[in-house]
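Student: sequence first, then the predicted structure:
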Amino acid sequence: MALASALLQTMIDAVRKTARPMLRDFGEVAQLQVSRKGPADFVTAADIKAEQTLFELLTKARPGYGFLGEERGMVEGTDKSHTWIVDPIDGTTNFVHAMPHFAITVALERRAPDGTAEIVAGVTFNPVLNELFWAEKGKGCYLNDTRIRVTGRRDLSQCLIGTGLPFMGKTGHAQAIKDIHAMGQRVAGIRRLGSAALDLAWVAAGRYDAFWERNLKPWDVAAGLLFVTEAGGMATTIDGTGNVHDGQQILVANSDLHPQIAAILRAT
């Protein structure tokens, strides 16, 4: 981790420490205390515990920074220019069902005096595979110790693309099916694995050629959007307007594929 700054190393240490008890819980998934936050949207004891651990570690390391977490919402800090954006387990349903495709993800947002904000650092960690994706603005994107890049494919028919589907109780099912129908006729394959944080990291690593989804949240996408742009890709809303970082609609791909995919999705 010689290339990581002190700030990024703080983030890396926090997610690794958080992952240790999470892995023990994952190994005993049948014994997890599961409660329902909403239809098919599970909150586990591990999820809540992980966010508390991240809150304590990050707050200790940078007192005064704000904290936006999936479980506790926004906690205002005395430093109004910095906010941690955290999802303790992205892919909770996978976790509960003993599927090893989930991640801890942390990003740092920096807000300028004029009110504009940008993500300046991000970390996403799959503890089961020991895969750590990390990036700082202007310094590239890495998987563990190896720098990664988006793919250079231009032909949609050769591309593998990731997406998401709304779970039970959420809106957008009909639109999602329309999107998949339109894209599925033009690409080599579409995958839905259940963790947007990892989907975005996989685009940055060249495992996916592109990814799109609607109706996400800031903590799902904050780190991953930085990964994609630092790996040489493009990240916008599907319709080309609005703030991509709020997660309401996102499309990421290399600069050749992006306009092709955007045109298809905008027509659905």
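Tutor: That came in fine, so what should we check first? Numbers count the residues shown, from 1 in each chain.

Student: use CA for all of it now, contacts and neighbours both
Tutor: Fine.

Student: where does the stretch 1-150 of the chain dip in pLDDT?
Tutor: 1-2, 30, 32-33, 35-42 (pLDDT under 70).

Student: separation between the residue nearest to N215 when sequence neighbours are not counted and L160?
Tutor: Spatially, and ignoring its direct neighbours in sequence, N215 is nearest to Q248 (4.4 Å; CA to CA, 6 or more residues apart in numbering). Q248 is 22 Å from L160, where distance means CA to CA, to the nearest Å.

Student: over to L129?
Tutor: In terms of CA to CA, L129 sits 21 Å off from L160.

Student: among the two, which residue is more densely surrounded?
Tutor: Taking other CA atoms under 10 Å, L129 and L160 do not tie; L160 has more neighbours (18 against 11).

Student: against A4, how distant is that one?
Tutor: To A4, L160 is 31 Å away according to CA to CA.

Student: ok, now P166?
Tutor: Using CA to CA, P166 is found at 35 Å from A4.

Student: can you map out the helices along the protein?
Tutor: 6-27, 45-61, 92-96, 173-184, 196-204, 218-230, 257-266 (DSSP state H).

Student: can you list contacts of the last one?
Tutor: This points to helix 257-266. 153-156, 179, 182-183, 210, 234, 238-239, 251-252 (CA atoms under 8 Å, 6 or more residues apart in numbering).

Student: lowest pLDDT pick from the residues you listed?
Tutor: In terms of pLDDT, the least confident member of those is D239, at 94.

Student: neighbours of the closest residue to that residue other than its chain neighbours, how many?
Tutor: Using CA to CA, 6+ apart and skipping residues adjacent in sequence, the residue nearest D239 is R266, 6.2 Å away. Using other CA under 10 Å, R266 is surrounded by 11 other residues.

Student: and for R186?
Tutor: 15.

Student: quick one: pLDDT of the nearest residue to it once chain neighbours are set aside?
Tutor: Spatial nearest neighbour of R186, excluding adjacent residues (CA to CA, 6+ apart): S157 at 5.6 Å. The model reports S157 with a pLDDT of 98.

Student: for H258, same thing?
Tutor: On the pLDDT scale, H258 gets 98.

Student: fine by me, thanks again.
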